[in-house]
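**Q** heads up, no residue letters with this:
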């Protein structure tokens, strides 16, 4: 095992991302010791049963005492309260980061509380599944995925490169970006898709002419792909909508405008326009597969998994 | 091998569904011989190279001569022309069926051409992948999936039960339904999801503030799930939109109405409403998994597939 990158790491919040970090840190030997902290006694107990850390603290300020790296992995709406709670106990020189899906709002919430003696480097690993909680984590979650860091003015380059090395040894590739641009990019690649997925599942749920059992039975024809995203953690997504509302509303407006044009082409039977719209979208999927961000297996390999003996 | 259900089967169209049928028929020994027909000389040659049938005909009317079962697997907009071409050559007593994603329009296009001496039983297997063409087919496509038959008034019950047995031995479960109701159900479970997926991928493609390479790099955060549906066959989906426009426009109107309400909740920061909307959708995914229509593996098992050594 190489020398740990950090002597003491504190994980504040131990959901899907926090618990995956615990596994990834252990896999790569990145920390001398890991302290896990979460407000919920039940979740903390579950983390202990799973053996995710070396120490367990319900009080976040106790957890960060002496920590060289503090990773805040809570719904973005809670990041201000966490920053305020941990600020007095932070060790000078510590790196404080987060994994929130919105960056401008997290910075606005956390920065005012944090002492100048720590290095605050906001971050966001672009990885996840529809599962949540400490049982959902696994060491490979970040493998081959991007992690975006949005360093603030005056960030110590040594701290930035240490955090970059940390994420790389968790399996990720690291990019840096302006927080506002991050929020715009994520609004289209992540926030809008989740909102649309929640919406279409809701629409189907409300129909009178089509029963719920019919929606479920015949979901293999397209609908079920949306239900995965729409099964994601509601608290996390409520907070994302509240904390990146400007960029999300901008993307929603564009989406709705485009949808009206498509709707019009359907109403007027404009087959050429529909064919054009349905053709150009293929290229994007090919590029995603070439970039290693999805697997090139029909139907995400689902039929193969359902019939493992055929592989 | 049991006795074949049909002596001679003719497959008109040999794309994803037609070629999967060829494999499924062979797997279960359902036909004495299979004749493959498609208008494109190139596709027919490919089918021959793949060994999908016993005979190959570019002329559909030649292919159906003497056939006991004729399965039309072409984009729904082409079904009228196929019916007109094969009608004079059909053998009295033959069963003619199709696999089109819309039923009322296929019936309106095909029925006027078909002689009373054949049994026309429209059908639709609820199965597919984003791939198309004769290379895309595989025998397991229909395993555990539903196939909906929409028999017309006066259908011979013996013919219906023979076609039902055929689909069951292809691996499917069979339901019967009124054609109009089928079109309404499919509009929500299949047509709307595909249209929405095409639309969101188009919206992302048009952005100026976010580059295409950013969309691709960070697509693992939700967007890539949509690109799979949006990579489906454009001809097929153009035809679906043109031939089930009424039901699709109805579903699009409801979807847009719901999306406006969600948009409003985001604009006004109504966290409770967002939380409620994002909570009720989880139950549907659980039901789909319980019904065996999707796999209960996080992220559709994609991380597992990317790291086969970890399984």
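**A** Arrived safely, thanks for sending. Keep in mind the model is a prediction, meaning the values are calculated, not measured. Residues are numbered from 1 along each chain as shown, chains lettered A, B, ... in the order given.
**Q** going forward, measure contacts between C-alpha atoms and count neighbours the same way
**A** Will do.
**Q** what residues sit buried inside stretch A:155-172?
**A** A:159-160, A:163-172 (16 or more other C-alpha atoms under 10 Å in any protein chain shown).
**Q** also stretch A:98-115?
**A** A:98-107, A:109-111, A:113-114.
**Q** and stretch A:208-221, by the same measure?
**A** A:210, A:215-221.
**Q** can I get those residues in JSON lines including secondary structure, distance to residue A:194 and pLDDT?
**A** Converted to JSON lines, those look like this (DSSP: H, G, I helix; E, B strand; the rest coil; distance: C-alpha to C-alpha, whole Å; pLDDT from 0 to 100):
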{"residue": "A:210", "secondary structure": "coil", "distance to residue A:194": "24", "pLDDT": "92"}
{"residue": "A:215", "secondary structure": "helix", "distance to residue A:194": "19", "pLDDT": "95"}
{"residue": "A:216", "secondary structure": "helix", "distance to residue A:194": "20", "pLDDT": "94"}
{"residue": "A:217", "secondary structure": "helix", "distance to residue A:194": "23", "pLDDT": "93"}
{"residue": "A:218", "secondary structure": "coil", "distance to residue A:194": "22", "pLDDT": "94"}
{"residue": "A:219", "secondary structure": "helix", "distance to residue A:194": "18", "pLDDT": "93"}
{"residue": "A:220", "secondary structure": "helix", "distance to residue A:194": "19", "pLDDT": "88"}
{"residue": "A:221", "secondary structure": "helix", "distance to residue A:194": "19", "pLDDT": "89"}
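**Q** return only those of those found close to chain B.
**A** A:210, A:215-221 (C-alpha under 8 Å from any C-alpha of the partner chain).
**Q** if we can go back for a sec, in helices only, show me the buried residues of stretch A:155-172.
**A** Counted as lying in helices by DSSP state H, out of those, are A:159-160, A:163-169.
**Q** give me the neighbour count for residue A:267.
**A** 15 (other C-alpha atoms under 10 Å in any protein chain shown).
**Q** give the contact list for it.
**A** B:245, B:249 (C-alpha atoms under 8 Å, 6 or more residues apart in numbering or on different chains).
**Q** if we can go back for a sec, now for the buried residues of stretch A:155-172: which two are most distant?
**A** Maximum pairwise distance among the buried residues of stretch A:155-172 (C-alpha to C-alpha): 18.8 Å, between A:159 and A:171.
**Q** which residue ranges of chain A form strands?
**A** A:6-12, A:31-37, A:55-57, A:69-72, A:95-98, A:119-120, A:123-125, A:146-149, A:173-176 (DSSP state E).
**Q** with mean pLDDT and distance to chain B added, can I get the ones you listed in JSON lines?
**A** Shown next, in JSON lines, are the strands of chain A (pLDDT from 0 to 100; distance: least, C-alpha to the nearest C-alpha, whole Å):
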{"stretch": "strand A:6-12", "mean pLDDT": "98", "distance to chain B": "22"}
{"stretch": "strand A:31-37", "mean pLDDT": "98", "distance to chain B": "23"}
{"stretch": "strand A:55-57", "mean pLDDT": "98", "distance to chain B": "27"}
{"stretch": "strand A:69-72", "mean pLDDT": "98", "distance to chain B": "19"}
{"stretch": "strand A:95-98", "mean pLDDT": "98", "distance to chain B": "17"}
{"stretch": "strand A:119-120", "mean pLDDT": "98", "distance to chain B": "23"}
{"stretch": "strand A:123-125", "mean pLDDT": "98", "distance to chain B": "9"}
{"stretch": "strand A:146-149", "mean pLDDT": "98", "distance to chain B": "7"}
{"stretch": "strand A:173-176", "mean pLDDT": "97", "distance to chain B": "10"}
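**Q** nearest to residue B:16, of those?
**A** strand A:146-149 (34.2 Å).
**Q** list the contacts of that closest one.
**A** A:121-127, A:167, A:172-177, A:182, B:217-218.
**Q** for the stretch 151-300 of chain A, which segments count as helices?
**A** Secondary structure of the stretch 151-300 of chain A, counting by DSSP state H, counting those that start in this stretch: helices at A:157-169, A:179-186, A:192-205, A:212-217, A:223-229, A:234-243, A:245-267, A:271-290.
**Q** nope, the stretch 1-150 of chain A is what I was after
**A** A:16-28, A:41-50, A:60-64, A:79-86, A:104-110.
**Q** buried residues in the longest one, which are they?
**A** So the one you mean is helix A:16-28. Result for helix A:16-28 [16+ other C-alpha under 10 Å]: buried residues A:16-26, A:28.
**Q** now, among these, which is nearest to chain B?
**A** residue A:16 (11.2 Å; C-alpha to the nearest C-alpha).
**Q** touching, the closest one and residue A:127? I think so.
**A** No: judged on C-alpha atoms under 8 Å, residue A:16 makes no contact with residue A:127 at a distance of 10.0 Å.
**Q** low-confidence ranges, the stretch 201-311 of chain A, go.
**A** A:303-311 (pLDDT under 70).
**Q** how is chain A divided into domains?
**A** A:6-177, A:181-269 (automatic domain parsing).
**Q** got a markdown table for those domains, with distance to residue B:84 too?
**A** Putting the domains of chain A into a markdown table (distance: least, C-alpha to C-alpha, whole Å) gives the following:
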| stretch | distance to residue B:84 |
| --- | --- |
| domain A:6-177 | 49 |
| domain A:181-269 | 23 |
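**Q** residue B:234: which of the ones you listed is closest?
**A** With distances scored as C-alpha to C-alpha, the stretch of the domains of chain A nearest to residue B:234 is domain A:181-269 (13.9 Å).
**Q** dump the strands of chain A into TSV; add distance to residue A:281 as well.
**A** Below are those laid out as TSV (distance: least, C-alpha to C-alpha, whole Å):
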stretch	distance to residue A:281
strand A:6-12	40
strand A:31-37	43
strand A:55-57	48
strand A:69-72	37
strand A:95-98	34
strand A:119-120	39
strand A:123-125	26
strand A:146-149	23
strand A:173-176	26
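**Q** residue A:287: which of those is closest?
**A** Short answer: strand A:146-149, nearest of the strands of chain A by C-alpha to C-alpha, at 15.8 Å.
**Q** need phi/psi at the closest residue to chain B within the stretch 1-150 of chain A.
**A** Closest contact between the stretch 1-150 of chain A and chain B, by C-alpha to the nearest C-alpha, is at residue A:129 (5.1 Å). Reported as degrees, to the nearest 10, the phi and psi values for residue A:129 are phi -140, psi 180.
**Q** out of everything not next to it in sequence, what's closest to residue A:287?
**A** residue B:216 (6.8 Å; C-alpha to C-alpha, 6 or more residues apart in numbering or on different chains).
**Q** look up how far residue A:288 lies from the one you found.
**A** As judged by C-alpha to C-alpha, to the nearest Å, residue B:216 and residue A:288 stand 5 Å apart.
**Q** ditto for residue A:97
**A** Applying C-alpha to C-alpha to residue A:97 and residue A:288 gives a distance of 28 Å.
**Q** ok, now residue A:25?
**A** 28 Å.
**Q** ok, which residues in the stretch 1-150 of chain A are in contact with chain B?
**A** So the stretch 1-150 of chain A meets chain B at A:126-131, A:140-141, A:145-146 (C-alpha under 8 Å from any C-alpha).
**Q** quick one: which of those residues is nearest to residue A:229?
**A** residue A:130 (6.1 Å).
**Q** who are the contact partners of the closest one?
**A** By C-alpha under 8 Å, 6+ apart, residue A:130 lies in contact with A:228-233, B:298-299.
**Q** and what of residue A:198?
**A** A:226-227, A:229-230, B:277-278, B:281.
**Q** CSV please, covering those and showing distance to residue A:153 and neighbour count.
**A** Listed next are those as CSV, based on distance: C-alpha to C-alpha, whole Å; neighbours: other C-alpha atoms under 10 Å in any protein chain shown:
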residue, distance to residue A:153, neighbour count
A:226, 39, 24
A:227, 40, 26
A:229, 35, 28
A:230, 37, 31
B:277, 38, 20
B:278, 36, 26
B:281, 41, 26
